[in-house]
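Undergrad: Turn this into a model:
(one chain, ligands or ions: 1)
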Amino acid sequence: MIFTVAIDGPAAAGKGTISRAVADRFGFRHLDTGLLYRAVGMKGGDPGEAARSLTPEDLGRGDLRTLEAGQAASRVAALPEVRAALVEFQRRFARGEGGAVLDGRDIGTVICPEAEVKLYVTASPEVRAHRRWLELGGDEAQVLAEVRERDARDMGRADAPLRPASDAVLIDTSRMTIDEAVAAAVAVVEARLVGT
Ligand code: DC
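TA: Residues are numbered from 1 along each chain as shown. Predicted coordinates:
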């Protein structure tokens, strides 16, 4: 079976948690595409070259979840050369046998417009910054400023900006528990699977 679940949305909206839960629930493979950009951003040197030569070791670095890596990822992600180098790998993963969940910014719009399910997971900047702050600590006002900066860059870039696909189902997790958000996503996937 080929079945792709595309989950897009801004930083810290809950995409990662929802994606892992959906993949577990249905036995699908999962790819956190943000990690690819984080690894490119942290590799240093020419970003295009870094994207073309990514290795499993690059993706296994221990510092890819930091705020610094997120900012570095967001910057290199605006470069068309970097995005182009990562497209094929993501498409192959999405359309491989066995069902796949991919989370990122442009999965439903650019990487896999034919995805069987498209979700756009979002939450207010304040809620997202608060969650990031609980995870990583530091100064909450600074975390909020970084969330807004990253949103502006990810939504404002010319190549594959973050936006919901026209046929995406919107899930606003601002007032949801994790369980509620996962249940909402699972229900959408289940309904679509019944139809295939
Ligand atoms: O999801 P994340 O926070 O790990 O993503 C880090 C950055 O990578 C994000 O700010 C923008 C970029 N990104 C992207 O441009 N396209 C994707 N599909 C995933 C991430």
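
Undergrad: buried residues in stretch 187-196?
TA: 188, 189, 192 (16 or more other Cβ atoms under 10 Å). In this view, the C-beta of every residue, glycine as well, is placed from N, C-alpha and C.

Undergrad: In helices, which of those appear?
TA: 188, 189, 192 (DSSP state H).

Undergrad: hey, what's the closest residue to the second one other than its chain neighbours bridged with?
TA: The one in question is residue 189. Nearest residue to residue 189 in three dimensions, chain neighbours excluded: residue 117, at 5.3 Å (Cβ to Cβ, 6 or more residues apart in numbering). Residue 117 has these beta-bridge partners by DSSP bridges: residue 5.

Undergrad: In this structure residue 117 contacts residue 4, no?
TA: Yes - checked against Cβ atoms under 8 Å, the pair residue 117 and residue 4 is within contact range at 7.4 Å.

Undergrad: For the ligand, see how far away the one residue sitting closest to the centre of the chain is.
TA: Note on the chain: the residue nearest the mean C-alpha position is residue 104, at 2.1 Å, using Cα atoms, centre = their mean. Relative to the ligand, residue 104 is positioned 2 Å away (Cβ to the nearest ligand atom, to the nearest Å).

Undergrad: Surely that residue touches residue 111?
TA: Yes - using Cβ under 8 Å, residue 104 is in contact with residue 111, at 7.3 Å.

Undergrad: Quick check: neighbours shared by the two?
TA: Common contact partners of residue 104 and residue 111 (Cβ atoms under 8 Å, 6 or more residues apart in numbering): 33, 90.

Undergrad: What are the neighbouring residues in contact with the nearest residue to residue 64 once chain neighbours are set aside?
TA: Distance criterion Cβ to Cβ, 6+ apart; nearest residue to residue 64, sequence neighbours excluded, is residue 38 at 4.4 Å. Residue 38 makes contact with 64, 65, 69, 70, 72, 73 under the criterion Cβ under 8 Å, 6+ apart.

Undergrad: give me that answer again for 7 Å
TA: Contacts for residue 38 (Cβ atoms under 7 Å, 6 or more residues apart in numbering) come out as 64, 69, 70, 73.

Undergrad: Residue 93 now?
TA: By Cβ under 7 Å, 6+ apart, the neighbours of residue 93 are 31, 100, 102.
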